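>>> only geometry, no sequence info:
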């Protein structure tokens, strides 16, 4: 398939900014991406915007036109919502638009503002990514859902809490140099194990924080990129999307993520690569166990092998397959609607060398991957990025 | 451009069904569309689903996977949200997917459930399609916003309340034979003029009802349609999308709808037709004045000429350009997330002759158009449908 060229990336700091409006955060990220691309609002053909619970958090639906206005344009826009995979799918739809030649210059990104709702309010809002009838009303919050998945994984494949703790430690460590990260705090395995239990076997430090923030990319059609000399750098060369049942109870196993597998297979096929070609990845680690499910779903580890990867050092930044060099959702933060775009932006910046952790990516690495999941992986979006220079 | 073939359509009755779950309504509409197409859940490549305020009305975000499950599949899905234009844009993105050949069989549609929120709750929810900071907090509900637009129109181009009343009478009359319509009730111009004022100059009968319901279509790629002999019937041949500022205060005029104009120009160009080729239309008449803004934005009437069209009989079903033969949002009803899909389904069924008002479409008419608007037309989606047999 043809390429969607990444012309620019932008993001706000991720953190707790209860007084920052969503439109203002998206303006900061989107205008930074445009500036990075050397383009202006008048160049934008379409805006693809991911957001999950702005209708609750900001009393604001119909955020597509507001996102466009924040960039100084009334270009056509839409909001794409698929819970925590909202901007991963906004990027997927944007990739389709530029690859097919229906648009030349698009901004794809997302935003979430949650801290203004308070922890209880945000947790309540986030629960709407699960099945209201068959999960939420049974008390299945997201920590509980991922705890069920961790237990199922331990039962089916082995592993223990200490394996998970190594994932948290690794991702916190990666975030230490990332000024945009929500949590820049070194932690130890003992810190994780001794932190308060939130849903057994998970403890507080197995979970990502509740973050506010925005991220955006400028994507170009092949013809526009060539015509304007913007075709050397990084491009999205593969896109995949997978689905699963909404409620965990309807799945054959809680220890695997078939939606990730389906999305990955489509993305690899689309890019004409295999998992062996991937040099590093940003994956959806809303909880530590989620990183394991992601690595195995992506075919980067066999089932049962992913759990020990961080402990063995393989996924640390000096390992063979660095995972979540940005700090991941765990430490960089997880403003839901912004996460998928922030992941793709991080992969692009790691490939071009402008990311603070780019020194962990060796010069011969030309392929990175971003994996974004919605709910308990009822939705998954996978993108392959490659150096085109 | 290539065609997106319409293989099947389905919709629930529109009305007040506070106890019907959204997923059940979408299942009814989507399975009817699949049945109409002679296809099953195993054939679905992707689901494009429009919904506006399910996060509030049903405590349920992430409705894409639920919509897919309702059809018996875990195929990839996403929710597209652009207020009242949500499923018009879901169809646009679905059209892109099948035209580009990235998918062969997709279901595109939408659902809204609002009556369970009560009238005040639904009005409050619907207000989220406007700008929270600069409109909602100033008391600009949607009746108020369209009243401002009606006043601006009268000031700029003339016309009066009686002109608007003829639009309501026409659309109610069209709905009389449509068993799926929310309001099957004959009304007179005096009924409209004497109904309670809701926001001057608009009265109750200038407004559409608050409806529940779902609608869906099965769309096919050209190659799949040809291979399976499903390429004779109706196809979407043109798609357009326009944007505008969110808040009315930021527009140069409230008496026109530039987003509709932009969407229409793109759709006509895409289909290779002109407004003169269009035989009949379904337009977004959430309030009577909205039908006027739509007809003029679509280039079917000059500015200032659309207001008298119903009164002069031109847009009645025996006129030169039948408008809203289904009854429109005004009488068929307006379950927000379902409306865009219901419009496209109505146009398709009017062209194939299976709609209860199909006798109003003469045999030499081969082109119909559907127009869906979000908010105060900050978003607009236009689709051109043509007979392909």
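Great, that's in hand. Since we're looking at a predicted model, the values are computed, not measured.
>>> CA only for contacts and neighbour counts going forward, please
OK.
>>> what's across from whichever residue of the stretch 101-250 of chain A sits closest to chain B in the sheet?
Nearest to chain B in the stretch 101-250 of chain A, going by Cα to the nearest Cα, is residue A:243, at a distance of 4.4 Å. Taking DSSP bridges, one obtains residue A:379 as the residues bridged to residue A:243.
>>> need the contact list for residue A:244.
Residue A:244 sits next to A:258, A:259, A:377, A:378, A:379, B:65, B:74, B:75, B:76 when contact means Cα atoms under 8 Å, 6 or more residues apart in numbering or on different chains.
>>> chain B contacts on the stretch 101-250 of chain A?
Neighbours of chain B within the stretch 101-250 of chain A, by Cα under 8 Å from any Cα of the partner chain: A:128, A:129, A:130, A:131, A:132, A:241, A:242, A:243, A:244, A:245, A:246.
>>> apply 7 Å and report the result again.
Residues of the stretch 101-250 of chain A found near chain B (Cα under 7 Å from any Cα of the partner chain) are A:128, A:129, A:132, A:241, A:242, A:243, A:244, A:245, A:246.
>>> now for those: which two are most distant?
Greatest spatial distance in these: A:132 and A:241, 23.4 Å, computed using Cα to Cα.
>>> okay, these two: which has more neighbours?
Neighbour count, other Cα atoms under 10 Å in any protein chain shown: between residue A:132 and residue A:241, residue A:241 has more, with 29 against 19.
>>> helix/strand/coil for the more buried one?
Here residue A:241 is recorded as strand under DSSP: H, G, I helix; E, B strand; the rest coil.
>>> just how off-centre is stretch A:157-166 within its chain?
23 Å (Cα atoms, centre = their mean, to the nearest Å).
>>> pull out the buried residues from it.
Buried positions in stretch A:157-166, judged by neighbour count with 16 or more other Cα atoms under 10 Å in any protein chain shown: A:159, A:161, A:162, A:163, A:164, A:165, A:166.
>>> from residue A:155, how far out is the fourth one?
Taking Cα to Cα, to the nearest Å as the criterion, residue A:163 is separated from residue A:155 by 14 Å.
>>> what's around the nearest residue to residue A:84 once chain neighbours are set aside, how many residues?
Leaving out its chain neighbours, the residue that sits closest to residue A:84 by Cα to Cα, 6 or more residues apart in numbering or on different chains is residue A:374, at 4.4 Å. Using other Cα under 10 Å, residue A:374 has 27 neighbouring residues.
>>> please tell me how far residue A:374 sits from residue A:147.
16 Å.
>>> wait, what's in contact with residue A:210?
Contact analysis of residue A:210 by Cα atoms under 7 Å, 6 or more residues apart in numbering or on different chains lists A:114, A:115, A:334, A:335.
>>> the strands in the stretch 201-350 of chain A, which residues?
Per DSSP state E, counting those that start in this stretch, the stretch 201-350 of chain A carries strands over the ranges A:202-203, A:213-220, A:234-243, A:280-282.
>>> please identify the most buried of those.
Ranked by mean neighbour count under mean count of other Cα atoms under 10 Å in any protein chain shown, the strands of the stretch 201-350 of chain A are led by strand A:213-220, which reaches a mean of 33.
>>> what residues are up against residue A:114?
Counting by Cα under 7 Å, 6+ apart, residue A:114 touches A:57, A:122, A:210, A:211, A:212.
>>> most surrounded residue in the residues you listed?
Comparing the contacts of residue A:114 by number of neighbours (other Cα under 10 Å), residue A:212 comes first, having 29 neighbours.
>>> look up phi and psi at the closest residue to residue A:230 other than its chain neighbours.
The shortest distance from residue A:230 to any non-neighbouring residue, by Cα to Cα, 6+ apart, is to residue A:7 (6.8 Å). As for residue A:7, its main-chain torsions (degrees, to the nearest 10) stand at phi -100, psi -20.
>>> surely residue A:7 touches residue A:222?
No - taking contacts as Cα atoms under 7 Å, residue A:7 lies outside contact range of residue A:222: 11.3 Å.
>>> which one of the two has more residues nearby?
residue A:7 (27 against 20).
>>> residues touching that one, list them.
A:37, A:218, A:219, A:220, A:230.
>>> take these and lay them out in CSV including pLDDT and distance to residue A:353.
Output for those, formatted as CSV (pLDDT from 0 to 100; distance: Cα to Cα, whole Å):
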residue, pLDDT, distance to residue A:353
A:37, 97, 16
A:218, 98, 18
A:219, 98, 18
A:220, 98, 20
A:230, 92, 17
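>>> from the residues you listed, which two are the most distant?
It's A:218 and A:230 that sit farthest apart of these, by Cα to Cα, at 11.5 Å.
>>> re the thing from before, out of the contacts of residue A:114, the closest to residue B:279 would be?
residue A:57 (44.3 Å).
>>> surely the closest one touches residue A:115?
No - with contact defined as Cα under 7 Å, residue A:57 does not reach residue A:115; the gap is 8.8 Å.
>>> return the residues in contact with residue A:372.
Applying Cα under 7 Å, 6+ apart to residue A:372 gives the contacts A:85, A:88, A:283, A:284, A:340, A:380, A:381, A:382.
>>> okay, it: pLDDT?
pLDDT for residue A:372: 98.
>>> please report how far it lies from residue A:91.
Applying Cα to Cα to residue A:372 and residue A:91 gives a distance of 11 Å.
>>> residue A:183 too?
26 Å.
>>> neighbour count winner among the two?
Between residue A:183 and residue A:91, counted using other Cα under 10 Å, the more crowded position is residue A:91 (33 against 24).
>>> is the helix or strand hosting the more buried one positioned near chain B?
Under the criterion of DSSP states H and E, residue A:91 resides in helix A:86-99. No - Helix A:86-99 lies apart from chain B when judged by Cα under 7 Å from any Cα; the minimum separation is 7.6 Å.
>>> hmm, who's touching the helix or strand just after that helix?
Once the chain leaves helix A:86-99, the next helix or strand it forms, by DSSP H and E, is strand A:105-112. For strand A:105-112, contacts defined as Cα under 7 Å, 6+ apart pick out A:22, A:26, A:43-52, A:87, A:90-91, A:94, A:212-221, A:335-338, A:341.
>>> near chain B, which residues of the stretch 251-389 of chain A are found?
Checking the stretch 251-389 of chain A against chain B by Cα under 7 Å from any Cα, the hits are residue A:378.
>>> right, I'll leave it there.
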